[in-house]
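**Q** with the input below, show me the fold.
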Amino acid sequence: MAKKNTSSNSIQTASIASASELTMRYGDQVLLDGATLAIHEGERIGLVGRNGCGKSTFLRIIAGDLKPDSGKLAHRKDMITGYLPQTFELEESATVMDNVLSGAQHISDLIEQYENLDADSHISTELLDKITHLDGWNLEQRAESLINHLHAPPQDKEVANLSGGEKRRVALCRALLARPDFLILDEPTNHLDTEAIEWLEVFLSRYKGACLFVTHDRYFLDRIATRMVELFRGEFISYHGNYTDYLLARAERMATEELQEHKRQRFLKKELDWVRRAPKARGSKAKSRIDAYFEVADKDAPEQDLDVDLIIPPAARLANKIIELRDVGMGFGGRRLFDHLDLDLEEGQRIGIVGRNGLGKSTLIKIMLGELQADSGTVEIGKRTQINYVDQNRLALDDSKSVWEDVGEGSEYVRLGDENISLRSYLKRFLFTDDRINTKIELLSGGERSRVLLAKILKRGGNVIVLDEPTNDLDLGTLRMLEEALTGFKGCVIAVSHDRYFLNRVCNGILAFEGEGVVKYNVGNYDYYLEKRAQKSNAGKGGQPAVAPVKEEVKPVGRKLKWKEEKELEEIEQVILTAEEEVESLEADFAAPDFYENHSEDWKELEDKLAEGKKKVLELYERWEELGAIKAASE
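**A** This is a model prediction of the structure:
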């Protein structure tokens, strides 16, 4: 394939970093093969490509964490880089805040140097200007804001006591804190809930530096990327625009290549007979024609980007009762997660469970599976129900075994419904070539390990598939195949996910954990749930909660509304709308990267105002429900 590297900007901005003719290989696997890329000021580049193609390797190289086999790297002098790798290290004995602040150590060093200077030092003014330019005096407030908005653990908690997901959120805060000139993010949305992802989208859309990131979140790519770069067969291909623009342009490119290949084959077929019949060419015209034939014949056909061929074994027949929850409640750590939850799973139902981390989504899954005992209520599993559970940690892989040994588990065949297929054929569906099938697990890339896990999990079958964060670490092509396999699955699917694109493609019902013990069920996909929630927010309408907030129910009181109450009820929807707009405006201010720079004196006051605003909105909704109940009872 010919190299392509077109700029995403109509007006070329200055390059802050570049990679030229990079090569990198691990054993027989070529990751970079003369790869060249320039990153310009203000760009937000989404890097895409198959798992195992070398995306994370390139991020490590451009971040200065790994040396390529050959090629040149260049970057702007005195450039500050922020980097979130897939595998990171934190100071285990330090607190969350100390780890986050370490991301701006250069600013802390400047402050320490300034504070230790003599009063008449000739460099004090220069240092003060640098600190002010870097907004150094508000460093701790900015760290607090990141910890809060990205739902990281409490700032005084010791890192050694955190889960893997919590540590990743701390590492992301650390990478963002210094507002670097060049931000490199490897899967920044992993282990973030939807609310935190949306805040990060706002943060990066206002971010003034250049950003290079890898993510499987297609909505994130659509909303943030100004240029898409595909790593394909060791080279970079650039596309102007976001993920949707990339898909369209890529389809056009592939169609053009296919047409050119068709013309090439037609030319070769036509000329082949003449070349075979032609006597030894002595004339210049005959020789020229033969040379032209062999020149075209020597060209390679465009390489095809193969897709994983995911097949979920057919679901065994389900009984009328599949999974049934009655009046289920659960508390943890002195607070109620949910109460009075009723749920009947029906054949063909694909439920997406959504909400912030820590609200009880995974707890509910474990209750449904019998791994946890609920505080109250009952859970019944149908006699024919066969659950295939894919948890957040997936299955353990044995690094000492080959792909063949670990997936096969002693068998050379995989059962798919009523037939057996060879293990080799099954693994080829997951894009493992003969040499990779016999490769040890420890030598695989992160993406290849994810495909091994999928192969190992899906061969177990089942008629109810339960997935906890299934999209983490999968490339975009594999994600599309997984989504298609799940939508064609005849059994039931329950998926805990923050991937909005996945929820829209797969789910026909959403169970939403909204906080404060509120859990609501809506028929339809995620966008439809958001639409219904917005309708309720703006006009006091929406679906009925599957679980009400833990508060006393409003009782009809058997009287008519007073004139003042009638007037209040007529106007309260507009009052609620105005109150919510004030809250949204304040939240947008807090999300701005320069918030603490502009509000260094009054940020605490604004924080209190935001808390009061949220409280007021809740009180208004309670009042609206109370007035509505009185009116309904009187009618």
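**Q** list the contacts for residue 247?
**A** Residue 247 makes contact with no residue, according to C-beta atoms under 8 Å, 6 or more residues apart in numbering. Bear in mind the C-beta positions are built from the backbone N, C-alpha and C, glycine included.
**Q** pLDDT value on it, please?
**A** At residue 247, the pLDDT value in this model is 85.
**Q** any idea which element it lies in?
**A** helix 243-277 (DSSP states H and E).
**Q** need the contact list for residue 312.
**A** So residue 312 contacts 458, 461, 465, 485-486, 488-489 (C-beta under 8 Å, 6+ apart).
**Q** neighbour-wise, which of those leads?
**A** residue 465 (26 neighbours; other C-beta atoms under 10 Å).
**Q** that one: what secondary structure?
**A** strand (DSSP: H, G, I helix; E, B strand; the rest coil).
**Q** can you give me the distance of it to residue 315?
**A** Here residue 465 is placed at a distance of 9 Å from residue 315 (C-beta to C-beta, to the nearest Å).
**Q** who touches both of the two?
**A** 489, 491.
**Q** pull the distance from the helix holding residue 247 to the chain's centre.
**A** Taking C-alpha atoms, centre = their mean, to the nearest Å, one finds helix 243-277 lying 35 Å from the centre of the chain it belongs to.
**Q** how about the secondary structure of residue 118?
**A** Assignment for residue 118 (three-state DSSP): coil.
**Q** phi, psi of it?
**A** phi -70, psi 150 (degrees, to the nearest 10).
**Q** so how many other residues sit close to it?
**A** With other C-beta under 10 Å as criterion, residue 118 counts 7.
**Q** again with residue 252
**A** 10.
**Q** what about it, distance to residue 459?
**A** For residue 252, the distance to residue 459 - C-beta to C-beta - is 37 Å.
**Q** re the thing from before, put together CSV for the contacts of residue 312, with secondary structure and pLDDT on each row.
**A** CSV is the format used below for those (DSSP: H, G, I helix; E, B strand; the rest coil; pLDDT from 0 to 100):
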residue, secondary structure, pLDDT
458, helix, 79
461, coil, 81
465, strand, 91
485, helix, 84
486, helix, 88
488, coil, 86
489, coil, 87
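**Q** please identify which of those residues is nearest to residue 260.
**A** Proximity of those to residue 260 (C-beta to C-beta) peaks at residue 485, which lies at 32.7 Å.
**Q** sorry, back to before: from the contacts of residue 312, pick the one nearest residue 363.
**A** Among these, and counting by C-beta to C-beta, the member closest to residue 363 is residue 465, at 19.2 Å.
**Q** right, and residue 204 touches residue 44 too?
**A** Yes: counting by C-beta atoms under 8 Å, residue 204 does reach residue 44; the two are 6.5 Å apart.
**Q** overlap of the contact sets of these two?
**A** Contacts common to residue 204 and residue 44, judged by C-beta under 8 Å, 6+ apart, are 211, 224.
**Q** how about residue 136, what does it touch?
**A** Contacts of residue 136 (C-beta under 8 Å, 6+ apart): 104, 107-108, 110-111, 130.
**Q** please enumerate the strands of the stretch 201-350 of the chain.
**A** In the stretch 201-350 of the chain, the strands defined using DSSP state E, counting those that start in this stretch lie at 210-214, 227-232, 235-240, 323-332, 335-344, 350-355.
**Q** so which residues make contact with the fourth one?
**A** Right, strand 323-332. Contacts of strand 323-332 (C-beta under 8 Å, 6+ apart): 336-345, 360, 363-364, 367-368, 372, 374-382, 385, 464, 492.
**Q** the fifth one too?
**A** Outside strand 335-344, the residues within contact range by C-beta under 8 Å, 6+ apart are 322-331, 359-360, 363-364, 376-377, 511, 513, 517, 519, 521, 546-548, 550.
**Q** find the residue at the geometric middle of the chain.
**A** Central residue check for the chain by C-alpha atoms, centre = their mean: the C-alpha nearest the mean position is that of residue 217, 3.7 Å away.
**Q** and that residue, what is it in contact with?
**A** 189, 197, 499-501.
**Q** which of those are buried?
**A** 189, 197, 499-501 (16 or more other C-beta atoms under 10 Å).
**Q** sorry, back to before: out of the contacts of residue 217, who's nearest residue 257?
**A** Nearest member of these to residue 257, counting by C-beta to C-beta, is residue 501, at 26.9 Å.
**Q** what about the closest residue to the closest one other than its chain neighbours, how many neighbours?
**A** Leaving aside its chain neighbours, residue 501 sits nearest to residue 218 (4.2 Å; criterion: C-beta to C-beta, 6 or more residues apart in numbering). Neighbourhood size, residue 218 [other C-beta under 10 Å]: 24.
**Q** also the one 5 residues further on?
**A** Using other C-beta under 10 Å, residue 223 is surrounded by 17 other residues.
**Q** so who does it touch?
**A** Residue 223 touches 201, 205, 242, counting by C-beta under 8 Å, 6+ apart.
**Q** please redo it, this time with the cut-off set to 10 Å
**A** 44, 197-198, 201-202, 204-205, 217, 242-243 (C-beta atoms under 10 Å, 6 or more residues apart in numbering).
**Q** can you check residue 399 too?
**A** Counting by C-beta under 10 Å, 6+ apart, residue 399 has contacts 406, 440-444, 449.
**Q** could I get the strands of the stretch 201-350 of the chain as a markdown table with mean neighbour count?
**A** Listed next are the strands of the stretch 201-350 of the chain as a markdown table, based on neighbours: other C-beta atoms under 10 Å:
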| stretch | mean neighbour count |
| --- | --- |
| strand 210-214 | 23 |
| strand 227-232 | 22 |
| strand 235-240 | 20 |
| strand 323-332 | 17 |
| strand 335-344 | 18 |
| strand 350-355 | 24 |
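**Q** got any ranges where the stretch 1-150 of the chain has weak pLDDT?
**A** 1-13 (pLDDT under 70).
**Q** 90 instead?
**A** Applying pLDDT under 90 to the stretch 1-150 of the chain flags the ranges 1-15, 26-30, 49-53, 77-78, 86-87, 114-135.
**Q** now the helices for it?
**A** 55-62, 96-101, 105-115, 124-133, 139-149 (DSSP state H, counting those that start in this stretch).
**Q** with distance to residue 173 as added columns, please give these in a markdown table.
**A** What follows is those, written out as a markdown table (distance: least, C-beta to C-beta, whole Å):
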| stretch | distance to residue 173 |
| --- | --- |
| helix 55-62 | 19 |
| helix 96-101 | 5 |
| helix 105-115 | 14 |
| helix 124-133 | 21 |
| helix 139-149 | 4 |
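**Q** quick one on the thing from earlier: of all the strands of the stretch 201-350 of the chain, which one comes closest to residue 64?
**A** The nearest among the strands of the stretch 201-350 of the chain, by C-beta to C-beta, is strand 210-214 at 13.1 Å.
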